[in-house]
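Participant: Sequence plus predicted model, see below.
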Amino acid sequence: MSWGLDASAVAGHYYLAGVQEVGSELLLQPDGRFQYFLAYGAYDENASGNWRVAGELIILNTSGGYSAPHFALKQSLSKPEQPLTILVQDQKERGIPGIDVWVDYGGTKPESGYTQEYGWQAPGTQRHPQAIGLGIRMYDLQPQWFKAAGTSHNYYVFTFDPGDLGKARFHHTPLRWDNGALIMERGGRTLRYVKGRGR
């Protein structure tokens, strides 16, 4: 008969194994706290909170609240000498590269691209958008849409508040114990964490 896992034996430092170009660690502290991070290229996420044993599972819960990232339209202008331009700025009015852009001209499929520090510019078109969507696919931040119909403006400036972007959220997230390793299902992938040795 199985009585479940021994929390004192489960506690320790785990490292992601078998995944190329991804670094990730999970620290299960004996006092029931955990720390987690994952890095993949330009993408980073982290979390901290509480863990507990529930039978043959380890359950993670992130502590604290979560402030959702969001975009806001700062201004729009008519600049006939320029193509359609979409600029996203941080709170210090610096252009942010790597923001995914979707532009709906009223057709069946929005045009898409991503910003540079100077923004995103439509390739050789003077059409006016019906709607503009902004998101970050790398962080699974779905597009936030802004209506743009009924205006001749072609120069849009948005601001971005990152909130807690990059803070992973675990809510009663189960990990399986597998012969001394922890198995996490995340982002459609099965991740295996091995105790006690880095790569």
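Facilitator: All right, it came through fine. Predicted model only: the values in this text are computed from it and were never measured.
Participant: Stretch 59-75: which residues count as buried?
Facilitator: Buried residues in stretch 59-75, counted by 16 or more other CB atoms under 10 Å: Ile59, Leu60, Thr62, Pro69, Phe71. Quick note: C-beta positions are derived from backbone N, CA and C, even for glycine.
Participant: How about the contacts made by the third one?
Facilitator: So the one you mean is Thr62. Contact partners of Thr62, counting by CB atoms under 8 Å, 6 or more residues apart in numbering, are Ala47, Ser48, Gly49, Lys167, Ala168, Arg169, Phe170, His171.
Participant: Emit the ChimeraX select command for whichever of those residues are buried.
Facilitator: Listed next is the ChimeraX selection for buried residues among the contacts of Thr62, using 16+ other CB under 10 Å:
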select :47,48,49,167,168,170
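Participant: Name the nearest residue to the residue most central in space within the chain, ignoring sequence neighbours.
Facilitator: Taking CA atoms, centre = their mean, the centroid of the chain lies closest to Tyr139, which sits 2.2 Å from it. Closest residue to Tyr139 apart from its sequence neighbours, by CB to CB, 6 or more residues apart in numbering: Leu165 at 5.8 Å.
Participant: Likewise for Asp6?
Facilitator: Using CB to CB, 6+ apart, the closest residue to Asp6 is Val53 (7.7 Å).
Participant: tell me the secondary structure for that neighbour?
Facilitator: Classification of Val53 using DSSP: H, G, I helix; E, B strand; the rest coil returns strand.
Participant: Next up, the contacts around it.
Facilitator: By CB under 8 Å, 6+ apart, Val53 lies in contact with Gly4, Leu5, Asp6, Ala7, Val10, Ile59.
Participant: Widest-spaced pair of those?
Facilitator: Spatial extent of the contacts of Val53 (CB to CB) is set by the pair Asp6 and Ile59 at 15.2 Å.
Participant: quick one on the thing from earlier: how about the contacts of Thr62, which pair is most distant?
Facilitator: Most distant of these, by CB to CB, are Ser48 and His171, 14.0 Å apart.
Participant: quick revisit: how much space separates the residue nearest to the centre of the chain from Glu56?
Facilitator: 32 Å (CB to CB, to the nearest Å).
Participant: Same check on Gly150?
Facilitator: 59 Å.
Participant: just to revisit the earlier point, for the residue nearest to Tyr139, give its distance to Ile99.
Facilitator: Where Ile99 is concerned, Leu165 sits at a distance of 12 Å (CB to CB).
Participant: With neighbour numbers in mind, choose between the two.
Facilitator: More crowded of Leu165 and Ile99, by other CB atoms under 10 Å: Ile99, with 23 against 16.
Participant: okay but the more buried one is in contact with Thr115, surely?
Facilitator: Yes: proximity of Ile99 to Thr115 meets the contact threshold set by CB atoms under 8 Å, at 4.4 Å.
Participant: okay, and the common contacts of those two?
Facilitator: Among the neighbours of Ile99, those also in contact with Thr115 (CB under 8 Å, 6+ apart) are Val88.
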